[in-house]
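1. task: produce atomic coordinates for the following.
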Amino acid sequence: MLKVGDPAPDIQVQTDAGEALQLSALKGKRVVLYFYPKADTPGCTTEACEFRDSTAALKKKGAVVLGISPDKPAAQAKFKQKYDLPFTLLADEDKSAAQAYGVWKEKNMYGRKVMGIERTTFVIGPDGKIEKIYAKVKAKGHAAAVLEAL
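-> From the prediction side, this is the model:
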């Protein structure tokens, strides 16, 4: 399990535009990497729209926001366009990033055990180390909490 002070795992995933993104390419910037279960679902939409509405304030604090889920790049692009999200969404189709960050977990869904993303946010410092971890995030109000902590 990752903890504050650990180096952030250097993941390579596709963006909503279908381009490769290597997390280490953002070294020198503060990154808000938020994992969410599925694009265009109620909780994920709430969380994404709150980050959208906080983008200017987050940028003022020097933060780059990246949303990531197991969706395909096309689904991420559609979600981004539908809600006018001004930040990059990442497609973790093989769940390698979720596994590297320890957020691919067994969950209870309607009495059944299923594997899925545990909504979690990592704040990664300019040095590439984890500064803060928000586990088991409640979507509503989360972006404001992240902004306040930066």
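
2. in the protein, which residue is closest to the centre?
-> Residue closest to the average C-alpha location in the chain (C-alpha atoms, centre = their mean): Tyr34, at 1.9 Å.

3. is that residue in a helix, a strand, or coil?
-> At Tyr34 the chain is in strand, as set by DSSP: H, G, I helix; E, B strand; the rest coil.

4. which secondary structure element is home to the residue nearest to Val114 when sequence neighbours are not counted?
-> Computed as C-beta to C-beta, 6 or more residues apart in numbering, the closest residue to Val114 that is not its neighbour in sequence is Lys107, at 5.8 Å. Using the backbone N, CA and C atoms, a C-beta is placed for each residue, glycine as well. For Lys107, the host element (DSSP states H and E) is strand 104-109.

5. tell me the strands beside that strand, with direction?
-> Next to strand 104-109 in the sheet, as set by DSSP bridges, lie strand 112-117 (antiparallel).

6. chain center to the partner strand, what's the gap?
-> 19 Å (C-alpha atoms, centre = their mean, to the nearest Å).

7. so which bits of stretch 64-71 are buried?
-> For stretch 64-71, burial by neighbour count (16 or more other C-beta atoms under 10 Å) applies to Val65, Leu66, Gly67, Ile68, Ser69, Pro70, Asp71.

8. adding secondary structure, distance to Val4 and pLDDT, write the residues you listed out as CSV.
-> As requested, the buried residues of stretch 64-71 are exported to CSV (DSSP: H, G, I helix; E, B strand; the rest coil; distance: C-beta to C-beta, whole Å; pLDDT from 0 to 100):
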residue, secondary structure, distance to Val4, pLDDT
Val65, strand, 19, 97
Leu66, strand, 19, 98
Gly67, strand, 21, 97
Ile68, strand, 19, 97
Ser69, strand, 23, 97
Pro70, coil, 25, 96
Asp71, coil, 28, 96
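
9. if we can go back for a sec, got the buried residues for the strand holding Lys107?
-> Trp104.

10. what's in contact with it?
-> Applying C-beta atoms under 8 Å, 6 or more residues apart in numbering, the contact partners of strand 104-109 are Lys95, Ala98, Lys113, Val114, Met115, Gly116, Ile117, Glu118.
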